[in-house]
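K.L.:
Provide a 3D model corresponding to the input given below.
(one chain, ligands or ions: 1)
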Amino acid sequence: MTSAILVLNAGSSSIKFLLFAERAGGLEPRIRGQIEGIKTAPHFVARDHEGRILAEKTWEKGARLDHDGAVEHIAGFLRDASGGLELRAVGHRVVHGGLEFTQPVRLDAQVLAKLEKFVPLAPLHQPHNLAPVRMLLARQPNLAQVACFDTAFHATNPDVARRFAIPAELHDAGVRRYGFHGLSYEFIASALRDLDARAAGGKTVVFHLGNGSSMCAIAAGRSVASTMGFTAVEGLPMGTRTGSIDPGVLLYLMDQRGMDARALEKLLYKQSGLLGMSGISSDMRDLLDSREPRAKVAVDVYVYRIGRELGSLAAALGGLDAVVFTGGIGENSAAIRARICRDAAWLGLALDEKANAARGPRISTPSSRVAAWVIPTNEELMIARHTARLMAPEVAGA
Ligand code: ADP
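P.N.:
The predicted structure is shown next:
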């Protein structure tokens, strides 16, 4: 039997999974899939490593599958479909590790209880991330589980990058900047070592541009600053999130429009960003295809804010050797990459238009002082690597 690691990434309406076989040469992706629309119109699909559909199921309209039901369905499917593989551990993506968890950790009831305390710090993600953990602990207590955190990679940020200018007592209580998308940045930092040793040992800014968008300054492989902070709403405008906004706006809306915390949460996370500005869509493709002036405004603001953050992160690094594009927009939109790179000419970045159209991986000219790369992210592989490492006998016994 070959041992296997299952990676689960549970969000509010979907659970994604990826089963890796542990081979001598490394982790081999075997089966990937997801259940989407858990609470509205559940749909399950699983594919093999070449993208061929292995199984698919659509529940009746109006059917409500909860997270437990979704995990049960995935587990049942994998029991039947993963012949020859023996599940050794499950690795979970968990958005918030708080102050305590700056490394991946083996999960048990005590650790789970601590992670549940961070729900108020990431109300839209943390409860869903933890739902499968709780269920598997109860139903399969002997199955090893590991949590990998989106915050952990940023634990190396210096104190100045982590502080808000608020009373120290609040900082000590955990009201500070944590940063997110850390599993993606950690993967990119490791992939960059193979592509560009100079940049990997130097100063790099990574653009993780997807529905959730953020940027990270990495010095010699370690995160030193990022655009997301206490929550995943700070920084860049996103699909439906505001990004940074004058906090005075929120006080104004509370006073003048009678908005309460829930209404502001909806505004900050669901009704703003590309969707709010354009009034059309949160999907970058729709906006790039649209002729509506408001779609153009939304894209312009997105690109403009990325350019300003790039200046800020280059200042935090004290220079810049390379930039890396990743995430759904960063990996797929040559037009957005081109605009960002052209705006960064003042930093010494010269775009190779042809290479950019061909998706790189290197999209800067040979003489460009700052290199630019496109690297597809792989958070699942990062989680599987951490999980396998934590399960190694010498670590497990430690
Ligand atoms: P998430 O943050 O949910 O993981 P993704 O990283 O999958 O999101 O990114 C989703 C975004 O990527 C969407 O806005 C989508 O429009 C955008 N995207 C995907 N393909 C393209 C493309 N070819 N051109 C422009 N945007 C794209």
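K.L.:
Strands of the stretch 51-200 of the chain, residue ranges please.
P.N.:
Along the stretch 51-200 of the chain, counting by DSSP state E, counting those that start in this stretch, strands occupy 53-58, 85-94, 105-106, 144-149.
K.L.:
The ligand: which of these is closest?
P.N.:
For the strands of the stretch 51-200 of the chain, distance to the ligand was read as Cβ to the nearest ligand atom. The smallest value, 11.0 Å, belongs to strand 85-94. Bear in mind the C-beta positions are built from the backbone N, C-alpha and C, glycine included.
K.L.:
Which positions within the closest one qualify as buried?
P.N.:
Along strand 85-94, these residues count as buried under the neighbour rule (16 or more other Cβ atoms under 10 Å): 85, 87-94.
K.L.:
Pull the contacting residues for the residue in the stretch 151-300 of the chain positioned nearest to the ligand.
P.N.:
Closest approach between the stretch 151-300 of the chain and the ligand, counting by Cβ to the nearest ligand atom: Gly210, at 2.4 Å. Gly210 is in contact with 239, 327-330, counting by Cβ atoms under 8 Å, 6 or more residues apart in numbering.
K.L.:
what's the closest of these to the ligand?
P.N.:
Checking these one by one against the ligand (Cβ to the nearest ligand atom), the nearest turns out to be Gly328, at 2.0 Å.
K.L.:
coming back round to it: out of the contacts of Gly210, just show me the ones up against the ligand, please.
P.N.:
Here is what survives when the contacts of Gly210 are matched to the ligand using Cβ under 6 Å from any ligand atom: 239, 327-329.
K.L.:
Using a markdown table, please lay out the strands of the stretch 51-200 of the chain together with distance to the ligand and mean pLDDT.
P.N.:
As requested, the strands of the stretch 51-200 of the chain are exported to a markdown table (distance: least, Cβ to the nearest ligand atom, whole Å; pLDDT from 0 to 100):
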| stretch | distance to the ligand | mean pLDDT |
| --- | --- | --- |
| strand 53-58 | 20 | 95 |
| strand 85-94 | 11 | 96 |
| strand 105-106 | 24 | 97 |
| strand 144-149 | 16 | 98 |
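K.L.:
now these as JSON lines including distance to Thr365?
P.N.:
Below are those laid out as JSON lines (distance: least, Cβ to Cβ, whole Å):
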{"stretch": "strand 53-58", "distance to Thr365": "41"}
{"stretch": "strand 85-94", "distance to Thr365": "37"}
{"stretch": "strand 105-106", "distance to Thr365": "44"}
{"stretch": "strand 144-149", "distance to Thr365": "37"}
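K.L.:
Would you quantify the distance from the residue of the stretch 151-300 of the chain closest to the ligand to Ser226?
P.N.:
According to Cβ to Cβ, to the nearest Å, Gly210 and Ser226 sit 15 Å apart.
K.L.:
ditto for Glu169
P.N.:
Distance, Glu169 to Ser226, by Cβ to Cβ: 24 Å.
K.L.:
Ok, Tyr304 next?
P.N.:
Noted for Tyr304: a distance of 19 Å to Ser226, by Cβ to Cβ.
K.L.:
can you count the residues close to Ile53?
P.N.:
For Ile53, the neighbour count with other Cβ atoms under 10 Å is 10.
K.L.:
Show the contacting residues for it.
P.N.:
Taking Cβ under 8 Å, 6+ apart as the test, what Ile53 contacts is 45-47.
K.L.:
could you flag which of those residues are buried?
P.N.:
Ala46.
K.L.:
For the contacts of Ile53, give me CSV that also has secondary structure.
P.N.:
Output for the contacts of Ile53, formatted as CSV (DSSP: H, G, I helix; E, B strand; the rest coil):
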residue, secondary structure
Val45, strand
Ala46, strand
Arg47, strand
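K.L.:
Quick check: Arg294 touching Leu275?
P.N.:
No - using Cβ atoms under 8 Å, Arg294 is not in contact with Leu275, being 10.8 Å away.
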